[in-house]
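Peer 1: predicted structure and sequence below. I'll ask about it afterward.
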Amino acid sequence: MRNPFQYGSVVRGEAFCNRKQEIADLVRAMENGEKVFVYSERRIGKTSLIRTALEKLSARRFLGVYLDLWPTDSEASFAVALARAVAESVGPTPKKMLEAAKSFFAHLAPSVTLTEDGQPKVTFGIASPAAAKIDLTEVLEAPAKIAAQGKRKVVVVLDECQRILEYGNDGVERRLRSVIQHQSDVSYIFLGSRKHLVQKMFLDQDRPLYRAAGHYPLAPIDVTHWIPFIRRRFLDAGKEIEDTRIQALCAHTDGHPFYTQHLAHALWESCEAGKTVTDAMIERAVDLLLDRESYAYTTLWESLALNPRRFLAGLAAESRGVKPFSADFIQRHALRSASNVQRAVEALLQRDVIDHDNGSFVITDRFFKIWIRRRQE
Ligand SMILES: Nc1ncnc2c1ncn2[C@@H]1O[C@H](COP(=O)(O)OP(=O)(O)OP(=O)(O)O)[C@@H](O)[C@H]1O
Ligand SMILES: [Mg+2]
């Protein structure tokens, strides 16, 4: 039997746990043509959530356009990627895609080819995005034109939107701002990780997208939702796990979806059919995962200076939400001054080892946190 706990890629359907409230909130925002900015730590489940929400939209009344900005690196590549995503969403047949591409992006010389696995795909006959003076504003008008045809409203999802901050100038942000404000029948959902970057994009008064979208921070999944989800998957394989053990598992991972699935995967693997999960099994699963990462964690740890190490040890040891600039914390962890904390925070944020968390910080890799804790013992 295949391990039911999946981690690493987008999860949907059976593998997707709860998020009922979030799905309802986002579907409503999409239906209302709202502009929303959804952000979280890495791997909290933004892409899986938005994909699931898009599937809930009525295909008759809404057209969902999903675009991953990760591969883009400039205004021109953004424009081409968006044009392609719009045309392909109009599909599903190659004929429809081509019609859409020709009617909205004729100057990009579109054609439709088949991928190796037979999926139709739009390509443009321009030499290179940079050379081909593409007008982003024109591309950005396409969703509104589709909506204006009156059949379907449009939802545009821009995933990994923090990439836009790396384009070298704020041209895309400025254009997005001026265009999306007028498109009342088009919803724009921005998804981003690296919280500090994305917050900068929408909360910094000097950036063009300041207050251009509502905010939707995405939290880990609550243990009350994990309990039925995890228990059922063990039961389906003739394995038993008590609620208190699921709570123990989630305490290790803070309910962070990626790490919870990863640990549940290892635990499911080590529990034979007909058996009940024990505390020792959980410990062994954690040990196994830490062993696998041990080389990477040791290397990372050794690359850090003394104060960032002390800061991390403090964060790992204390409960969530601790105030790391408080005199108590500084004293307990021998950090000596708030400016030492400040420098440690900056260095660790820069390397994505920690992330902001409501006025405090979290160690992004929950297994690294356990590893650090164990070093202290
Ligand atoms: N609702 C969910 N139910 C169960 N597992 C989930 C759920 N959401 C996310 N996960 C777990 O987290 C992993 C990462 O999910 P996903 O790629 O959607 O997150 P993300 O926030 O988009 O990540 P990234 O920051 O890399 O873009 C999945 O592979 C899965 O293991
Ligand atoms: Mg994602």
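Peer 2: Perfect, I can see it now. Ligands and ions are numbered 1, 2, ... in the order given.

Peer 1: for ligand 1, give me its nearest residue in the protein.
Peer 2: Per Cβ to the nearest ligand atom, Gly45 is where the chain lies closest to ligand 1, at 2.5 Å. Using the backbone N, CA and C atoms, a C-beta is placed for each residue, glycine as well.

Peer 1: for the stretch 201-350 of the chain, just list every one of the strands.
Peer 2: Ranges of strands in the stretch 201-350 of the chain, per DSSP state E, counting those that start in this stretch, are 214-217.

Peer 1: what parts of it come near ligand 1?
Peer 2: Residues of the stretch 201-350 of the chain lying close to ligand 1 (Cβ under 6 Å from any ligand atom) are Pro257, Phe258, Gln261.

Peer 1: most neighbours among those residues, which one is it?
Peer 2: Counting neighbours by other Cβ atoms under 10 Å, Gln261 leads those with 26 neighbours.

Peer 1: now do the contacts for the nearest residue to it once chain neighbours are set aside.
Peer 2: Of all residues not flanking Gln261 in the chain, Tyr7 sits nearest, at 4.1 Å (Cβ to Cβ, 6 or more residues apart in numbering). By Cβ atoms under 8 Å, 6 or more residues apart in numbering, the contact set of Tyr7 is Phe258, Gln261, His262, His265.

Peer 1: Leu349 too?
Peer 2: Residues in contact with Leu349 (Cβ under 8 Å, 6+ apart) are His196, Asp355, His356.

Peer 1: just the buried residues of these.
Peer 2: Buried members of the contacts of Leu349, counted by 16 or more other Cβ atoms under 10 Å: Asp355.

Peer 1: okay, and which of the contacts of Leu349 map to helices?
Peer 2: His196 (DSSP state H).

Peer 1: kindly report the residues of the stretch 1-150 of the chain close to ligand 1.
Peer 2: Residues of the stretch 1-150 of the chain that fall close to ligand 1, judged by Cβ under 6 Å from any ligand atom: 6-11, 16-17, 19, 40, 42-48.

Peer 1: return the subset of those lying in strands.
Peer 2: Of these, none are assigned to strands by DSSP state E.

Peer 1: OK, contacts around the closest residue to Ala100 other than its chain neighbours?
Peer 2: Closest residue to Ala100 apart from its sequence neighbours, by Cβ to Cβ, 6+ apart: Val90 at 3.8 Å. Going by Cβ under 8 Å, 6+ apart, Val90 touches Leu63, Lys96, Met97, Glu99, Ala100, Ile146.

Peer 1: go again using 7 Å as the cut-off
Peer 2: Shown in contact with Val90 (Cβ atoms under 7 Å, 6 or more residues apart in numbering): Leu63, Lys96, Met97, Ala100.

Peer 1: need those in a markdown table with secondary structure and pLDDT, can you?
Peer 2: Output for those, formatted as a markdown table (DSSP: H, G, I helix; E, B strand; the rest coil; pLDDT from 0 to 100):
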| residue | secondary structure | pLDDT |
| --- | --- | --- |
| Leu63 | strand | 96 |
| Lys96 | helix | 91 |
| Met97 | helix | 91 |
| Ala100 | helix | 90 |
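
Peer 1: now the buried members of the residues of the stretch 1-150 of the chain next to ligand 1.
Peer 2: The buried subset of those - by 16+ other Cβ under 10 Å - is 6-7, 11, 16-17, 19, 40, 43-48.

Peer 1: please, where are all the strands along the stretch 51-200 of the chain?
Peer 2: Here the stretch 51-200 of the chain has its strands, by DSSP E, counting those that start in this stretch, at 62-68, 110-114, 120-124, 153-159, 186-192.

Peer 1: including mean neighbour count, could those go into JSON lines?
Peer 2: Shown next, in JSON lines, are the strands of the stretch 51-200 of the chain (neighbours: other Cβ atoms under 10 Å):
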{"stretch": "strand 62-68", "mean neighbour count": "20"}
{"stretch": "strand 110-114", "mean neighbour count": "15"}
{"stretch": "strand 120-124", "mean neighbour count": "18"}
{"stretch": "strand 153-159", "mean neighbour count": "24"}
{"stretch": "strand 186-192", "mean neighbour count": "26"}
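
Peer 1: excluding chain neighbours, what is closest to His262?
Peer 2: In space, and not counting its chain neighbours, His262 is closest to Tyr7: 4.5 Å by Cβ to Cβ, 6+ apart.

Peer 1: sorry, wrong one. I was asking about Asp222.
Peer 2: Nearest to Asp222 is Gly255, by Cβ to Cβ, 6+ apart, at 6.2 Å.

Peer 1: that neighbour: how many residues sit nearby?
Peer 2: The number of residues packed near Gly255 is 21, by other Cβ under 10 Å.

Peer 1: check contacts around Lys239.
Peer 2: Trp268, Cys271, Ala273, Lys275.

Peer 1: still on that earlier bit, between the contacts of Val90, which is closest to Ile227?
Peer 2: Relative to Ile227, the closest of the contacts of Val90 is Leu63; by Cβ to Cβ it sits at 37.1 Å.

Peer 1: residues contacting that closest one?
Peer 2: Ser89, Val90, Ile146, Arg152, Val154.

Peer 1: in a markdown table: those, plus pLDDT.
Peer 2: Conversion of the contacts of Leu63 to a markdown table gives the following (pLDDT from 0 to 100):
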| residue | pLDDT |
| --- | --- |
| Ser89 | 94 |
| Val90 | 91 |
| Ile146 | 93 |
| Arg152 | 93 |
| Val154 | 97 |
